[in-house]
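Chemist: sequence and predicted structure, then a few things I'm wondering about:
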Amino acid sequence: MPTAAVFLRSPDPLTREVARAYAGGAFLMDNGDGLQFYTTPRRALVPLSAGAGLHVPRRLQRDLKHFELRVNTAFPEVLAGCRGELPGSPPRDGQWISGELAAIYLHLRAAGLAHSFEAWRGGELAGGVLGLALGGAFLAESKFHRQTNGSKAALIGLAGRLHTRGFALLDAQIQSPHLATLGVREVGSRAYHAQLKAALELDVALEGEDAPAS
């Protein structure tokens, strides 16, 4: 997978603009006033391992064994699920992933910047996480489920994948009670930007061979 510098200097104007905005701590949303970049004073960060604070209850641990994890095999479907438009996925409150933003995500997937991390069960897509990977930072945009624990399986599986491949940051953007149960913590803007800057310097990949153990 290309390093962050490849996207930050991309000849494609849209890819370059989005990459630079996210590298600066912003993220895209459409809150009904048109597509805009937003920032928040606090960011929700997902620990990448149990040692770092990731909490997975025993009952959930047992259920996670029934899921198969995949990367980028059903990006359009994950995108549709995050929009509440995939059959079997819960409807969403509002539509912050507008049609315009959905088209941008598809463009960024083609450019190699956007990714889907998927949880499959019984041969069906059970849940997934949509996000952008820049250097050693994975910037999660949205998640969804179609089966019980599908989104949790995808998010926890993603954290494990990032840990084994040498990533340093999994940004969930905004804290929620659901995320808090998994050990997700909030950090202030200064701490977030410091961690993001360090993560952007890493040369790691979401797919391919695992990073060597440190």
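Modeler: Done, it's in.

Chemist: measure residue 140 to residue 167 for me?
Modeler: To residue 167, residue 140 is 12 Å away according to C-beta to C-beta, to the nearest Å. C-beta coordinates here come from the backbone N, C-alpha and C atoms, glycine included.

Chemist: which parts of the chain are strands?
Modeler: 27-30, 35-38, 42-45, 68-71, 114-121, 124-134, 137-145, 169-173, 185-188 (DSSP state E).

Chemist: let me know which of those is the nearest to residue 85.
Modeler: Nearest to residue 85 among the strands of the chain is strand 137-145; the distance by C-beta to C-beta comes to 9.9 Å.

Chemist: so what's residue 119 up against?
Modeler: Residue 119 sits next to 67-69, 125-128, 150-151, 153-154, 157 when contact means C-beta atoms under 8 Å, 6 or more residues apart in numbering.

Chemist: where do the helices sit along this structure?
Modeler: Assigned by DSSP state H, the helices in the chain fall at 4-8, 13-23, 58-64, 75-82, 99-111, 150-164, 177-180, 189-200.

Chemist: rewinding a little: closest one to residue 87 among the strands of the chain?
Modeler: The nearest among the strands of the chain, by C-beta to C-beta, is strand 124-134 at 10.4 Å.

Chemist: let me know the pLDDT of the spatially closest residue to residue 80 that is not a sequence neighbour.
Modeler: In space, residue 80 comes closest to residue 86 once its chain neighbours are excluded; the distance is 4.1 Å by C-beta to C-beta, 6 or more residues apart in numbering. pLDDT, residue 86: 89.

Chemist: again, but for residue 209
Modeler: At residue 209, pLDDT is 52.

Chemist: sorry, back to before: mean pLDDT added to the strands of the chain, as JSON lines?
Modeler: Below are the strands of the chain laid out as JSON lines (pLDDT from 0 to 100):
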{"stretch": "strand 27-30", "mean pLDDT": "92"}
{"stretch": "strand 35-38", "mean pLDDT": "93"}
{"stretch": "strand 42-45", "mean pLDDT": "94"}
{"stretch": "strand 68-71", "mean pLDDT": "96"}
{"stretch": "strand 114-121", "mean pLDDT": "97"}
{"stretch": "strand 124-134", "mean pLDDT": "97"}
{"stretch": "strand 137-145", "mean pLDDT": "95"}
{"stretch": "strand 169-173", "mean pLDDT": "94"}
{"stretch": "strand 185-188", "mean pLDDT": "94"}
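
Chemist: can you lay out those strands as JSON lines showing distance to residue 204?
Modeler: Below are the strands of the chain laid out as JSON lines (distance: least, C-beta to C-beta, whole Å):
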{"stretch": "strand 27-30", "distance to residue 204": "21"}
{"stretch": "strand 35-38", "distance to residue 204": "25"}
{"stretch": "strand 42-45", "distance to residue 204": "17"}
{"stretch": "strand 68-71", "distance to residue 204": "14"}
{"stretch": "strand 114-121", "distance to residue 204": "13"}
{"stretch": "strand 124-134", "distance to residue 204": "9"}
{"stretch": "strand 137-145", "distance to residue 204": "10"}
{"stretch": "strand 169-173", "distance to residue 204": "11"}
{"stretch": "strand 185-188", "distance to residue 204": "21"}
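
Chemist: for the least confident helix or strand in the chain by mean pLDDT, which positions count as buried?
Modeler: Lowest on mean pLDDT, DSSP states H and E among the helices and strands of the chain sits helix 177-180, with a mean of 84. By neighbour count on 16 or more other C-beta atoms under 10 Å, the buried set for helix 177-180 is residue 179.
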